[in-house]
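Asks: Predicted model follows, preceded by the sequence.
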Amino acid sequence: MAERNPKVVGFCCEEHGIECANLAVRSGKQYDVSVRLVRVPCTGRVDGIHILKALEDGADAVFVLGCLEKNCYYDTGSIEGRKRVDYVKSMLSQVGIEPERVEMFNASSSMAWKFSEIVSKMTDVAKRLGPIEPRGDGQ
Amino acid sequence: MNNKVLVIGGGPAGLTAAQALVSNGEEVVLVEREDTLGGMARELACKGISECRNCGVCYVIDLAAEILRTPGVEVLLRSEVASVDKTNDGFKVKIRSSPRYVTGSCIGCDKCTEACPVEGKAIFAPTGSGHPRAYWIDRDRCLHFKKAKCEKCAEVCPTNAINYDDRAKNVTRNVSRVILATGMDPIDAGEIPRLGYGTIPNVVSSVDAERALNEKGRLVRPSDGVPPKKIAIIQCVGSRNEKAGVQYCSKFCCKYGTKIGQLMIDENPDTDLDFYFMDLRTLYEPQDEFKKWADSIKRKVEKKKFPRVRLIRSMPSQAFPGDDGKVWLRSSGETDSEVTETPYDLVVLSVGMRPRTLPEGLARSLGLTTDGCGFARCEDSELRSKVAVLGAVCEPMDIEETVTRAIAVGSVTVRKEGAT
Amino acid sequence: MKRSIQVVICRICSGAANVLDTDKLLRVASEAPYVGSAIAVDYACNTKTIAQIVEEAKDKEIDRLLVVPCSKNEVSPALFQSYKRKAKINEFLMEAVDLVSEVVLPHRDEPSKAQAKAEAKLLAAIARMAMLEPLQKGSEEMRTKNVVIIGAGVAGVEAAKRAAEAGLHTILIEKSDKEVKAPGVVMPRSRLISAKGHAGNYELTIEAGEKMEALECGAVIVASGGDWSEAKGPLVRACPEAKPLYKLAQELSSGNIPKGGVVIVDTPDPKADTTPAQDFAWEEALQCAIEIKKRESGTDVCLMFQEMRALGLAELSYKEAAELGVRFVRYDKKRPPKIDSKDKNRIVVIDSAQEQAIAIAFECLYYASIAPNPDNMAIAEALRIPMNDSGGVRRGSMQKGPIATPRPGIFVCGSAQFPRSEEMSRLEGRAAGALAAQFVSTGTVEFGGSVAEVTPEKCSACLTCVRTCPYEAPFIGVAGKAEIRLQLCQGCGMCVGICPSKAIELHNYTDDQLSAEVASYIGGDF
Amino acid sequence: MIVAERKPLGEIAEMVAPYQKVTVIGCRSCVAICLAGGEKEVKMLVSAMKLKNRREGRKQDFDGFVLERQCEKEWVKEVEDKILSSDVVLSMSCSLGAQTIADMYPEKIVVPGLNTAMFGVPEEQGVWSEKCLGCGDCIIHTTGGICPIARCAKSMLNGPCGGSSNGHCEVNLDIECAWYAIHERLKLQGRLDLIEMVRPPKEWTTSHSGGRRVIVREDAKLTPHQKRDKEAVI
């Protein structure tokens, strides 16, 4: 089978999420091209549906990046975000899909290193697990 | 009427003051000596992993970026105040700003640094997480300005951001008031030789630790790059220390010391931490919070629980190197005088601070004096309504307190708030 | 709905480092659905160019703009403004795609892939843009220039002074009837009962003496302070004569010095089992100790504490006190000091420094703890703001500054948050005053725009949104369905994400818009 | 309200496995409020099922929508064609909704997506607790407003039993002893005499033991003459 490009989707909050990403790239950090960042006002806006839908549309891994808990611009948004992600993970494990395809992360706008770490972690997951398709020889 | 205000220093205090002033409809001239805004905060690490630990670093970094795009603030980087002269409605300020030689279209790809032939490089990345994110050239080192006329960086730069024709500028501004926020200098841990900083590779200062954590998010042993299994953090290095000529307590060390400790433990669950301190002076949290946390961290070995964090109320007397990069600390017990020696993979020295020393001329023309500990005051009866001293240059304080003071002072007709 | 997007690509910026082929980008854009005009320019920031762009927009009857500048924050504002003014285009139908920080910088070493990603990103942005709807912002006059300050302590009074300096009308609410020197109105023997409204126009109900009063204000400052009086705990039970430290300070300022030994203990409740997070007023305690020793060097003074938190320059007082012969005894929480059962004027404790039991005779016992103010609960309840673990009022995200609560227009200063030194309280007071002034002197509050809206037909009135929103914007209206108070909604979308009936949408971040963007972005293969 | 819980997705998948066209029907009533079967859950379930099928290389079409109240024929009728055109109906409602559909379309296979758990009240967001068994003969006026049938593990009418240990139930120390609570409540109301009162064995025929219950309100019931559609009462 032809080498397929991995696909990672990252929902980043407009406050610290995106700021963290920008500081990272503006500090010369590069990351895998397969990562697609999508802005949301706050990770509290992210709905399990978006995450599952992204996987349906062909994403191999999805991460949600929000403010540090207790420092969320909208006070409790990133805590909500984490709960949604955990719920989706539980659903995935019930349908036999690796829950580690979906992760929640928190970062602050001054954490350039963390963004590169997050994306490399998720791209590794995407590459390791590959697309969601029948496992070889029915295992 | 002239409503410009000169802010000297682009750290937490200066930035916050600038923002407060602008939102009060005043104009600001912000003079920063370094290449980026953010001051100390540029090289401090965010202490959170998934939860915020209130270090305030991100606040300053965001602010630095914001100030750069705030109309009404004239930011002069790599600049120093050359002279200040009283005028009838304020001051005439002469500022000398050195050229950066790199334009805003720099994308920080670091190709130039790779290309730079100079030993120890002549073109540098913006410091820490400060803003703007543009590189800068040190004229004194750069070969272009010597005979060689070297242009290697310009050749490799993908965005043609190198501009050798950039010239030093002498800027003159008339301002009504001056806010001095030149901040502090961390104490050089080398001043206390017995703790082995500079001589023992795996003894690092908190400044190094913060820098490493801010860049890589990990703290490893300098000797072999291995994550440490057993760490010691020693508080009050330099602070509360007659010998170092620092009688005062630097106030924020307990805060960052404890938080660095917590960060290390959170990051790798198999690390042990010994926390050496004299008094636990964690800011704005219950006096037993850190102790409670320390008690809660246990390792389970066959159903038995062992503490992983020990709080030791003692100042180690001596550090000496052991084999395979170990550092031994000799310390006497809290109460008994029995001396123990313990090996560590990594020792972090929480250094205190000294106020940045003021240039003679500047101090004189602004009527600034320093107290016994070197903290700046403005006692001059006539000037004190026009000159304010903010931030760690007037008293030890952490980011949070600095910001609060700056909001309080920056946004009103200046009065010397602060030092008791 | 007619949709015609104008895509403006800044060659210089997005072409940076020759990673992207802007002409190809342009071609891709112009072939995309709903794109009415696609142009590439040099320097989208230059005024002449902007004029030309706007002209193009006008004669092509463009109704939405997508610009590809260097960075969201630097170029676009100028363009957006003139676009809004001249081309009369709704501000919510203009967006910038930050290709530089999302594609150029992170992928500069693999241009071909970067190009593909840039195209996908652009198409995704276009797909999203095509689905956006024009939104209106509302604004409301602030009815008053009032700032209400709860608590006339050090912090409260400073806040009042500062706000008054900025020409605001301040109203101090003080529960006691102590004399207060502060500008504006001071309401003695009064407390906050309830609060309605929103930032800029809060309506408070105050119980002043016997009667209830309605108060309108633009901002509220919580300066309820710590609690010195409320002393619970074993030490006070055993020695009822024990007094809070501020009594000693008063004594000293009025010139009398306590006869006989003085013991200042950090808290009457060393185990902290009755009151949460008490903190030691170290600065004040040291000052008092020094004062006594200076005047009456014969008097025995002893400070008893778990941690001597002589922060910053207070360390100097610590040293001075020690030199003056003040006795310092550090004890362990697990082995707290006790009043001698036989002699009520002796306190016994195990000195952790010497590891030995000692007994100290005293004439007067003071405790220097500042407990959280028990009123905080009621205040927080009334203002609908959260509290912290220490029983104080919790501040919001540090991004909003150290003294702002999560609720806009409500600030907290001094020991209301956590025990503060007197000086720090004063400063926080001024800061809070300054911020409140800044906020109220704008005179108007904006709201609306990209906020949440309920589809009543779908709403099950399950209250989930009401319980989840940190700003209490949703409520169940007369129709028995959820509604959003526009003035309170901050547009975070938490209610949208959690609504079990999908009855709420966040304008310009609707499920469809997000999914469309994501789907099209994933669609690209690179 | 009726509180339900979503079945494990694996179990649901097994039930619908044999069928090609699956129609998922949620309900905006109780099950939406207890976050088990509203539109959000339906959408997430459909999406998760599609993923499962992709992972297992199975083809199956899922289609999901939500009714105002699935236990009412009128609402169900609105989506009749969708139901009829499907091979199986996966009801994301309490079993009442599922059975309504099953009874209306006897030839259709209807499978439950939720386990109907109890009559419960939301104690706080995300926490529901059982407080009624629907015994059909309410006595809480004699028990300080606390139902011993539902809240006592043994449904004792004259409690507490010997297993009550300082306020907790012997069956599970995490649940409070209903009769302890009743005692406290009555003490508060100064009606402790009611504790003494011996309650005779209960008429269980009003409960399920009397067979399936049907409640009729003649004054509300439409006469045959009034009825527009002449369907049989189930």
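Replies: Here it is on my side, so go on. Numbers count the residues shown, from 1 in each chain, chains lettered A, B, ... in the order given.
Asks: so B:Arg384 touches B:Leu368, yeah?
Replies: No - using C-beta atoms under 8 Å, B:Arg384 is not in contact with B:Leu368; the gap is 10.0 Å. Where you see a C-beta, it was placed from the backbone N, CA and C, and this is true even at glycine.
Asks: what is in contact with those two at once?
Replies: The contact sets of B:Arg384 and B:Leu368 overlap at B:Cys378 (C-beta atoms under 8 Å, 6 or more residues apart in numbering or on different chains).
Asks: When the two are compared, which one has more neighbours?
Replies: Using other C-beta atoms under 10 Å in any protein chain shown as the criterion, B:Arg384 and B:Leu368 rank with B:Leu368 on top: 21 against 17.
Asks: Return the residues in contact with the more buried one.
Replies: Going by C-beta under 8 Å, 6+ apart, B:Leu368 touches B:Leu180, B:Leu358, B:Leu362, B:Ala376, B:Arg377, B:Cys378, B:Asp380, B:Val387, B:Val389.
Asks: again, only using 7 Å
Replies: Neighbouring residues of B:Leu368 by C-beta atoms under 7 Å, 6 or more residues apart in numbering or on different chains: B:Leu180, B:Leu358, B:Ala376, B:Arg377, B:Cys378.
Asks: Over to C:Glu505?
Replies: Applying C-beta under 7 Å, 6+ apart to C:Glu505 gives the contacts C:Ala452, C:Glu453, C:Val496.
Asks: Number of residues surrounding the first one?
Replies: Which is C:Ala452. For C:Ala452, the neighbour count with other C-beta under 10 Å is 26.
Asks: Sketch out the low-pLDDT regions of chain C for me.
Replies: Residue ranges of chain C with pLDDT under 70: C:1, C:70-76, C:230, C:273-277.
Asks: Low-confidence stretches in chain B?
Replies: For chain B, applying pLDDT under 70 flags the ranges B:1, B:335, B:410-420.
Asks: 80 - rerun?
Replies: Chain B contains residues with pLDDT under 80 at B:1-3, B:148, B:333-337, B:410-420.
Asks: Could I get the full set of strands for the stretch 1-150 of chain B?
Replies: Ranges of strands in the stretch 1-150 of chain B, per DSSP state E, counting those that start in this stretch, are B:4-8, B:27-31, B:73-76, B:79-87, B:90-97, B:123-124, B:136-137.
Asks: returning to that earlier point: turn the contacts of B:Leu368 into a markdown table, including neighbour count and distance to chain C.
Replies: Formatted as a markdown table, those follow (neighbours: other C-beta atoms under 10 Å in any protein chain shown; distance: C-beta to the nearest C-beta, whole Å):
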| residue | neighbour count | distance to chain C |
| --- | --- | --- |
| B:Leu180 | 28 | 17 |
| B:Leu358 | 20 | 18 |
| B:Ala376 | 27 | 13 |
| B:Arg377 | 17 | 12 |
| B:Cys378 | 23 | 17 |
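Asks: out of everything not next to it in sequence, what's closest to D:Gly97?
Replies: Computed as C-beta to C-beta, 6 or more residues apart in numbering or on different chains, the closest residue to D:Gly97 that is not its neighbour in sequence is D:Gln70, at 2.8 Å.
Asks: how many neighbours does the one you found have?
Replies: D:Gln70: 27 neighbours (other C-beta under 10 Å).
Asks: got it, and C:Ile62?
Replies: Counted with other C-beta under 10 Å, residues neighbouring C:Ile62 total 23.
Asks: With B:Asp208 instead?
Replies: B:Asp208: 18 neighbours (other C-beta under 10 Å).
Asks: Dump the host helix or strand of it to CSV, keeping only the CA atoms.
Replies: Element membership for B:Asp208, per DSSP states H and E: helix B:206-216. The C-alpha coordinates for helix B:206-216 follow below in CSV (Å, rounded to 0.1, in the frame of the first residue of the first chain):
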residue,chain,number,x,y,z
SER,B,206,18.3,28.6,39.7
VAL,B,207,18.9,30.9,36.8
ASP,B,208,20.4,28.1,34.7
ALA,B,209,17.6,25.8,35.8
GLU,B,210,14.9,28.3,34.8
ARG,B,211,16.6,28.9,31.5
ALA,B,212,16.8,25.2,30.8
LEU,B,213,13.2,24.6,31.8
ASN,B,214,12.0,27.5,29.7
GLU,B,215,13.9,26.3,26.6
LYS,B,216,13.5,22.5,26.8
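Asks: Show me which parts of it are buried, residue by residue.
Replies: Using 16 or more other C-beta atoms under 10 Å in any protein chain shown as the test for burial, helix B:206-216 gives B:Ser206, B:Val207, B:Asp208, B:Ala209, B:Glu210, B:Arg211, B:Ala212, B:Leu213, B:Asn214.
Asks: Just the closest of the residues you listed to chain D, please.
Replies: Among those, B:Leu213 lies closest to chain D (C-beta to the nearest C-beta), at 36.4 Å.
Asks: Would you confirm that the closest one contacts B:Ala45?
Replies: Yes - the criterion here is C-beta atoms under 7 Å, and B:Leu213 meets it with B:Ala45 at 3.4 Å.
Asks: For the residue of chain A found nearest chain C, give me the pLDDT.
Replies: Relative to chain C, the nearest point of chain A is A:Arg45 (3.1 Å; C-beta to the nearest C-beta). Listed pLDDT for A:Arg45 reads 96.
Asks: ok, now how distant is the closest residue to it other than its chain neighbours from chain B?
Replies: Nearest non-adjacent residue to A:Arg45, counting by C-beta to C-beta, 6+ apart: C:Gly493, 3.1 Å away. Distance, C:Gly493 to chain B, using C-beta to the nearest C-beta, to the nearest Å: 21 Å.
Asks: so who does C:Gly493 touch?
Replies: Counting by C-beta under 7 Å, 6+ apart, C:Gly493 has contacts A:Pro41, A:Cys42, A:Gly44, A:Arg45, C:Ala452, C:Leu506, C:Tyr509.
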